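Asker: take a look and give me a structure for this.
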Amino acid sequence: MANEYLIEIHNYISEKIIGAQNRKDVAKANNELESQRFYEGQLIEWHYLRTYLTETVDLKTQKYF
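Answerer: Numbering: from 1, shown residues only. Presented below is the predicted three-dimensional model:
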């Protein structure tokens, strides 16, 4: 059961990373530096959260993303 929750959490994080990356690309195309930096910060936070989960919570025998 715990594996199912971890999978859902990783899927949620993956969706957020993809969304932030897409919005960052749009901001870059529109030359919106402030928005671009904002989404870069979001990406850093989402990647940090994924790293934390991988190192402390995830099962060592599984890779969810």
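Asker: can you give me the strands in this structure?
Answerer: Remark: no strands are assigned in the chain by DSSP state E.
Asker: ok, longest helix in it?
Answerer: If you go by DSSP state H, the chain has its longest helix at helix 2-29.
Asker: pull out the buried residues from that helix.
Answerer: Using 16 or more other C-beta atoms under 10 Å as the burial criterion, the residues of helix 2-29 that qualify are Leu6, Ile9, His10, Ile13, Lys16, Ile17, Ala20, Arg23, Lys24, Ala27. Placement of C-beta: from N, CA and C, glycine included.
Asker: columns distance to Tyr48 and pLDDT on top of these, output as TSV?
Answerer: Formatted as TSV, these follow (distance: C-beta to C-beta, whole Å; pLDDT from 0 to 100):
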residue	distance to Tyr48	pLDDT
Leu6	17	83
Ile9	14	89
His10	14	89
Ile13	10	95
Lys16	12	97
Ile17	11	97
Ala20	13	97
Arg23	18	97
Lys24	16	97
Ala27	21	96
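Asker: report all helices and strands that the least confident helix or strand in the chain by mean pLDDT contacts.
Answerer: None of the helices or strands of the chain scores lower by mean pLDDT, DSSP states H and E than helix 2-29, at a mean of 92. Helix 2-29 is packed against helix 33-56, with contacts defined by 3 or more C-beta pairs under 8 Å, 6 or more residues apart in numbering; DSSP states H and E.
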